[in-house]
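Participant: Task: produce atomic coordinates for the following.
(2 chains)
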Protein chains: 2
Amino acid sequence: LPIREQELISRIRSSARKGTASAKSAATRVIQGIGDDCAVLRTAAGNDSLVTTDFCIEGVHFRREWHPAHAVGHRCLVRGLSDIAAMGGEPAAAFLSLAMPADLPQKWVDEFFDGLLALAATAKVQLSGGDIAESPSGILADIMVIGSVPTNKAILRSGAQPGDRIFVTGELGGPSFVLGKMFEQPKKKWRASAFPSHFYPQPQLAVGRYLRDKGIASAMIDISDGLSTDLAHICDESQSGAVIHTNAVPRATVGRHEVPMSFALHGGDEYQLLFTSPQGKRVPAEIAGIPVTHIGYMIPEQELLIEHENGYTTELVPEGWEHFESDRLSAARARKKRKR
Amino acid sequence: LPIREQELISRIRSSARKGTASAKSAATRVIQGIGDDCAVLRTAAGNDSLVTTDFCIEGVHFRREWHPAHAVGHRCLVRGLSDIAAMGGEPAAAFLSLAMPADLPQKWVDEFFDGLLALAATAKVQLSGGDIAESPSGILADIMVIGSVPTNKAILRSGAQPGDRIFVTGELGGPSFVLGKMFEQPKKKWRASAFPSHFYPQPQLAVGRYLRDKGIASAMIDISDGLSTDLAHICDESQSGAVIHTNAVPRATVGRHEVPMSFALHGGDEYQLLFTSPQGKRVPAEIAGIPVTHIGYMIPEQELLIEHENGYTTELVPEGWEHFESDRLSAARARKKRKR
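Facilitator: Here you go, the predicted structure:
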């Protein structure tokens, strides 16, 4: 390992402590962070705890030649924070298990932690524990985030009802479109600052909290696997179906062009929120500076449909975002179509 | 991957549900397990939450040719449960992140989960989430366990005072001695049932709870890195030192012989508890069927000492258990000795 495990842990421990003060008023506080067998957390009465864990694996979720270590650290934590956002919760503590090849430069490790801890400070999350090990091959991080939500107020995937409207935050397809470009030009140096939605996606914590606080969302999920797959998750858990309108899906602009629709429908790593809201509830067109767009409706039939510009409705097949498998990113796909 | 991620998750989900009922009366209950962006846990008022995360990496913590998948699953979860025991806590929920090579047989995965879920049922822990990914090389599991302890009652590493007596549970050195034998005869087939302390170590949850409940322990840690290293952790966090007596350290018997002292002093993966207790507190010689042995005292000087049979006292150098690095397991070691 770059430096001895104990030395690395004590470095991380002192960096992690700096973020502590900000969490004092939170519903969940870190009583004991790094340095014992377990971290000790205290959650104020009237709150439930939220727990999420996500891998961030070299070659699967990032590539060392494309993604600066700082962005990898950011993207690693954002996966967990986004899951907390999708429940309408407040993040409190993060735990990082990091397996590294023996020859990994210490500079890489330092920049990774800089990126992760910068986002942790913004989100008022304290790095409170984890594990470090030598990996037989490649970098492998597992991030766990613990948060809280008022008792019984977590917004689940299972709460959607037929008739509920379907919304998304932000614009979709940017991160996966950039990834597609990387596969087309693998030797090119991609500037992280030019493609923030890919390199530095933001967790939609403020939007998630607002929706929960105002009781607007009946079901919610973050779009990490792609709109089609994540909408299928809501349908499965809510035992109903959905129809969305092609025209309505907000597409990201990369460079000077809107991305092709397939990226907006199927691309992952969005970290935008997909939610449903009962008819009659007022849903603002913008929350915390993020546009909110009505894209469809829940239906009683357990099927996933898309209504095209020409008026035809076909089945929307969840494509199951597989991160860095380039063949999944091709815009032209053979799709089983079914007229109704 | 052996079977499609979604199919694997739904299998795990249905197996994990079976253990649910047992946790109904616990201080921390699982409100929403596998199947949403986050798990939702509810901790009864008057309790703190405990969180621990541990890697279990092929080639580092186990070898596929030596350890049956069932034992690997058991050993993976025991790492987390043992950390909860070391705080005097009650485990409630486990989260497993599992990265697997594409060619891993489904049988291996099934047996791994059988082993993990069998121990989870015994410990009344519900598998409540995690992540699954393809690994570029080898099997890599990260286990996270969440538990609870009455508010402010977690037994930290930092609570030891000079004069406190030092105790260990059980007998030490067995698991690392067996591992040493494996390195000597790498082709031999080792029967898991013949060496339970190595293949199926038990978390000392009942002992930890008893010590916390009766207010016996001032500091506690589980012996996962070896007695010398874990005692050094207690000394570091408590800003004091320790002296232990060679004669007193309880050595495991493997086959018909006691293991050499070096295994008892430095071998890891014990999952026994090491704790300190203020003078005057009565410490039972056996708790929950596990022997408890007085092995030394805390001292004000920040040094780690060992008193030998011949009356000499030398420095006890923490050897930093590095799991499967065979060269660390050799009984004959050059050691810097210092007479006092």
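
Participant: Report the residue spans of the stretch 51-200 of chain A with pLDDT below the cut-off.
Facilitator: Counting by pLDDT under 70, the stretch 51-200 of chain A contains no low-confidence residues.

Participant: For the stretch 101-250 of chain A, which residues are neighbours of chain B?
Facilitator: Residues of the stretch 101-250 of chain A lying near chain B by CB under 8 Å from any CB of the partner chain: A:128-131, A:133-138, A:140, A:142, A:144, A:146-147, A:149, A:151, A:154, A:156-158, A:220-222, A:237. C-beta coordinates here come from the backbone N, C-alpha and C atoms, glycine included.

Participant: Just the ones of the residues you listed in helices?
Facilitator: Among these, DSSP state H puts A:Glu237 in helices.

Participant: Quick check: the residue in the stretch 101-250 of chain A positioned nearest to chain B vs B:Arg13, distance?
Facilitator: The minimum distance from the stretch 101-250 of chain A to chain B, using CB to the nearest CB, falls at A:Ser137 (3.7 Å). From A:Ser137 over to B:Arg13 the distance is 30 Å, taken as CB to CB, to the nearest Å.

Participant: neighbours around A:His67, how many?
Facilitator: Look at A:His67: counted by other CB atoms under 10 Å in any protein chain shown, it has 21 neighbours.

Participant: tell me the contacts of the spatially closest residue to it that is not a sequence neighbour?
Facilitator: Distances taken as CB to CB, 6 or more residues apart in numbering or on different chains place A:Phe199 nearest to A:His67, at 6.9 Å, with adjacent residues excluded. By CB atoms under 8 Å, 6 or more residues apart in numbering or on different chains, the residues touching A:Phe199 are A:His67, A:Pro68, A:Ala71, A:His74, A:Arg75, A:Trp190, A:Ala192, A:Ser193.

Participant: Just the buried ones from the residues of the stretch 101-250 of chain A next to chain B?
Facilitator: Among these, the ones that count as buried by 16 or more other CB atoms under 10 Å in any protein chain shown are A:128-131, A:133-136, A:138, A:140, A:142, A:144, A:146-147, A:149, A:154, A:156-158, A:220-222, A:237.

Participant: Restricted to strands, list these.
Facilitator: A:128-131, A:133-134, A:140, A:142, A:144, A:146-147, A:149, A:220-222 (DSSP state E).

Participant: which among these gets closest to B:Met100?
Facilitator: Distance to B:Met100 across these (CB to CB) is lowest for A:Leu140, with 12.1 Å.

Participant: Which of the three states applies to the nearest residue to that closest one once chain neighbours are set aside?
Facilitator: Spatially, and ignoring its direct neighbours in sequence, A:Leu140 is nearest to A:Ala99 (4.4 Å; CB to CB, 6+ apart). Following DSSP: H, G, I helix; E, B strand; the rest coil, the label given to A:Ala99 is strand.

Participant: Please apply the same query to A:Arg75.
Facilitator: With three-state DSSP as the criterion, A:Arg75 reads helix.

Participant: Name the nearest residue to A:Leu41, sequence neighbours excluded.
Facilitator: Per CB to CB, 6+ apart, closest to A:Leu41 is B:Ser49, 4.4 Å.

Participant: from memory the one you found sits against A:Ala44, does it?
Facilitator: No - assessed by CB atoms under 8 Å, B:Ser49 is found out of contact with A:Ala44, at 11.9 Å.

Participant: just to revisit the earlier point, contact partners for the residue nearest to A:Leu140?
Facilitator: So A:Ala99 contacts A:Ile132, A:Ala133, A:Glu134, A:Ser135, A:Ile139, A:Leu140, A:Ala141, B:Phe55, B:Ile57, B:Leu140 (CB under 8 Å, 6+ apart).

Participant: and the fifth one, what does it touch?
Facilitator: Think A:Ile139. Here A:Ile139 is in contact with A:Ile57, A:Glu58, A:Arg64, A:Val72, A:Leu98, A:Ala99, A:Met100, A:Pro101, A:Leu104 (criterion: CB under 8 Å, 6+ apart).

Participant: tell me the centre residue of chain A?
Facilitator: A:Tyr271 (3.6 Å; CA atoms, centre = their mean).

Participant: Mind pulling up the pLDDT for that residue?
Facilitator: Model confidence at A:Tyr271, expressed as pLDDT, equals 95.

Participant: quick one: secondary structure of it?
Facilitator: coil.

Participant: Enumerate every residue touching it.
Facilitator: A:Val78, A:Arg79, A:Ser82, A:Pro201, A:Gln202, A:Pro203, A:Gln204, A:Asp222, A:Ile223, A:Ser224.

Participant: right, and A:Ala69 touches A:Leu116 too?
Facilitator: No - here A:Ala69 lies out of contact with A:Leu116, judged by CB under 8 Å, at a distance of 9.7 Å.

Participant: Who has more neighbours out of those two?
Facilitator: Between A:Ala69 and A:Leu116, counted using other CB under 10 Å, A:Leu116 has the larger neighbour count: 30 against 22.

Participant: What helices and strands are in contact with the helix or strand hosting A:Val72?
Facilitator: Per DSSP states H and E: A:Val72 is located in helix A:69-85. Secondary-structure packing of helix A:69-85 (3 or more CB pairs under 8 Å, 6 or more residues apart in numbering or on different chains; DSSP states H and E): strand A:47-57, strand A:90-100, helix A:106-122, strand A:140-150, helix A:196-199, helix A:205-213, strand A:219-222.

Participant: Could you write out the alpha-carbon coordinates of that helix in CSV?
Facilitator: C-alpha atoms of helix A:69-85 as CSV (Å, rounded to 0.1, in the frame of the first residue of the first chain):
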residue,chain,number,x,y,z
ALA,A,69,-8.8,11.0,-8.6
HIS,A,70,-10.5,14.1,-7.2
ALA,A,71,-13.6,13.4,-9.4
VAL,A,72,-13.6,9.7,-8.5
GLY,A,73,-13.7,10.6,-4.8
HIS,A,74,-16.6,13.0,-5.5
ARG,A,75,-18.5,10.5,-7.6
CYS,A,76,-18.0,7.8,-5.0
LEU,A,77,-19.7,9.8,-2.3
VAL,A,78,-22.4,11.2,-4.6
ARG,A,79,-23.8,7.7,-5.2
GLY,A,80,-24.6,7.4,-1.5
LEU,A,81,-25.8,10.9,-1.0
SER,A,82,-28.1,10.6,-4.0
ASP,A,83,-29.8,7.5,-2.4
ILE,A,84,-30.4,9.6,0.8
ALA,A,85,-31.9,12.4,-1.4
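
Participant: ok now that helix, how far from the chain's centre?
Facilitator: Remark: helix A:69-85 is offset 7 Å from the chain centroid, using CA atoms, centre = their mean, to the nearest Å.

Participant: buried sites along that helix?
Facilitator: Across helix A:69-85, burial judged by 16+ other CB under 10 Å covers A:69-85.

Participant: Over to stretch A:109-125?
Facilitator: For stretch A:109-125, by 16+ other CB under 10 Å, it's A:109-113, A:115-120, A:122-125.

Participant: Grab the two from those residues that are most spread out in space.
Facilitator: A:Val109 and A:Lys124 (23.9 Å).

Participant: re earlier: next, the angle from the helix holding A:Val72 to helix A:106-122.
Facilitator: 30 degrees (axes from the mean of the first three to the mean of the last three CA atoms, to 10 degrees).
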